[in-house]
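# Sequence and predicted structure, then a few things I'm wondering about:
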Amino acid sequence: MVMSSKPPTQALARRGASAPGPVREIPHSRSAEAALLGSLIVDAGCAPEILDGLRPADFWFAEHRVLFEAVRDLYEANEGQGVDGLLVRQHLADQGLLERIGGGDEAAGTHYLQQVMDSVPSSANARYYLGIVQDKTRRRFVITTCQDLIEAAYNASEPVASVLNEAQAQLFAITEQDRRSQEPSPLHDLVVRAYEDISRREQGCLRGLASGFYALDEYTCGLRRGDMVLIAGRPSMGKTSLAMDIATHVGVVQKKPVAVFSLEMSRQQLAERALCSWSEVEGQKAQHGTLTQAEYDRLVEGMKAFQEGLILIDDSTGLTPFQLRAKARQMRRQYGVELVVIDYLQLMDAGSRAENRQQEITFISRQVKAVARELDVPVIALSQLNRGPESRDSHRPRMSDLRDSGSLEQDADLIVLLHREDYYQRDNPAYLPTGTAEAIIAKQRKGPVGTVKLTFRPQFSKFVNHIEIPEAKLPRLPEPSSRDEEPF
């Protein structure tokens, strides 16, 4: 849905004229707008602070928009030396704009300019006037967004998911604008933060969320805000296990809220798997009800640990990118979610927006990347690989094996390909499983590529930091089903 590009006066007046019910006054304040402009003209000292937070569209009255642009242009042309009433009048006259602030009459324009200047004795209350103007702007924005939503909802050709997504995106954007605005910071405070960052880098190079895997964090400096992290592999390589290991480390150990969108497993299945993995209880024994008392005790301790953190599970089937963005926004706003996990991309529904599967994945990939940037959190997305690794003697995956679309390579900031030789040698009786797994960093926009070793403990569906097991065989698990499920 495309938001109205008409000037605010025309756009809202047009809608207001046709709206049912009593006519309501569109939020605005002529006096606050005039006082703000007067402050800028009579005291150039307030200009740097005020101009930075203003746009022409913040002014409801057309004559005020013309005046604001004139003051801004003069301030920039004079390299910050300020302006006065005479300069503003001359600039407007030279540009043929003086009559525009006077209703078509140049003398009336001069008179109105003087009225604006006389509306304030000084700029002492400029920030107060700015607050009023910006408050009215936000209210008009909400009204415009809702009216656009109504018009789009009447349009049968506009997908309702698109309408809802755009409305939520616009409303979320204006609330985030205030959150992200910052005042200048003194250097003595910044150097303290710099020292803390340097100290953390010595301990683990962290600039983002810790994954819980030291070697991986050493390469990536953690999961960074706004990044799309792609974990990809063939079935049974452990994609879901690795993602959930990271999610539980962030949610339980670091106690930072996490959102998990599970399109393959139900929320209860995922909960049982996460509990058994964390408690190091064999999933098969849990399914068959053959646990020992010690194992039940570990499950109880695991439950207590999960109660200390917050991991939100959404198992909606047929999840679309629009629904993902809407749900993630809500979780970010309500719970302060700092990590999003999607299991997995190929199960998302792109709707009718694409003609083929490649275009669908391209659309989904772009939307997932947009979620990471919009919410300013890392997003871990799982992806299947094609059968390329099976055709190679080494079975090692490559970035070109990403299924369905090359856009995944372009959009992702970090791509981790999983490989476990134990899986490919499971039918070889002479082979001794080592538990070694490779996390191949095939792409990293902000760092090096390479291979990190992890240890996979299949009986717990759990990755841990690398441990060499040269002589001992690890447990063998039954063959995965035809659904290509990962080992529990």
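That came in fine, so what should we check first?

# what's the average pLDDT for the strand or helix carrying A247?
Taking DSSP states H and E as the criterion, A247 maps to helix 239-248. The average pLDDT for helix 239-248 rounds to 92.

# Counting by contacts, list what that helix packs against.
strand 228-233, strand 258-262, helix 267-279, strand 339-343, strand 379-384, strand 414-419, strand 462-465 (3 or more C-beta pairs under 8 Å, 6 or more residues apart in numbering; DSSP states H and E). The C-beta positions use only the backbone N, C-alpha and C, and glycine is treated the same way.

# Could you dump these into a markdown table and include mean neighbour count, mean pLDDT and distance to D314?
Converted to a markdown table, the helices and strands packed on helix 239-248 look like this (neighbours: other C-beta atoms under 10 Å; pLDDT from 0 to 100; distance: least, C-beta to C-beta, whole Å):
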| stretch | mean neighbour count | mean pLDDT | distance to D314 |
| --- | --- | --- | --- |
| strand 228-233 | 26 | 91 | 18 |
| strand 258-262 | 26 | 92 | 5 |
| helix 267-279 | 19 | 86 | 8 |
| strand 339-343 | 26 | 93 | 10 |
| strand 379-384 | 25 | 92 | 14 |
| strand 414-419 | 24 | 91 | 23 |
| strand 462-465 | 19 | 90 | 23 |
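
# could I get the ones you listed as JSON lines with distance to S31?
Converted to JSON lines, the helices and strands packed on helix 239-248 look like this (distance: least, C-beta to C-beta, whole Å):
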{"stretch": "strand 228-233", "distance to S31": "47"}
{"stretch": "strand 258-262", "distance to S31": "45"}
{"stretch": "helix 267-279", "distance to S31": "55"}
{"stretch": "strand 339-343", "distance to S31": "45"}
{"stretch": "strand 379-384", "distance to S31": "46"}
{"stretch": "strand 414-419", "distance to S31": "53"}
{"stretch": "strand 462-465", "distance to S31": "64"}
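
# Any idea which of these gets closest to T248?
helix 267-279 (5.9 Å; C-beta to C-beta).

# Now the top helix by length along the chain: buried residues?
With DSSP state H setting the assignment, residue counts place helix 126-154 as the longest helix in the chain. Across helix 126-154, burial judged by 16 or more other C-beta atoms under 10 Å covers 126, 129-130, 132-134, 136-137, 140-141, 143-145, 147-149, 152.

# same for it, what does it pack against?
Identification of packing neighbours for helix 126-154 by 3+ C-beta pairs under 8 Å, 6+ apart yields helix 8-18, helix 30-42, helix 47-51, helix 160-180.

# thinking G309 is in contact with A274, fair?
No. If you go by C-beta atoms under 8 Å, G309 and A274 don't touch, sitting 11.2 Å apart.

# Now for the two: what residues contact both?
Taking C-beta atoms under 8 Å, 6 or more residues apart in numbering as the contact rule, G309 and A274 both touch T248.

# hang on, the earlier thing: other residues contacting the helix holding A247?
For helix 239-248, the external contacting residues (C-beta under 8 Å, 6+ apart) are 211-213, 223, 231-233, 258, 260, 264-265, 270, 273-274, 277-278, 306, 309, 311, 339, 341, 343-344, 380, 382-383, 416, 418, 439, 454, 456, 461-463, 486.

# From the chain's centre, how far out is that helix? Work that out for me.
Distance, stretch centre to chain centre, for helix 239-248: 19 Å (C-alpha atoms, centre = their mean, to the nearest Å).
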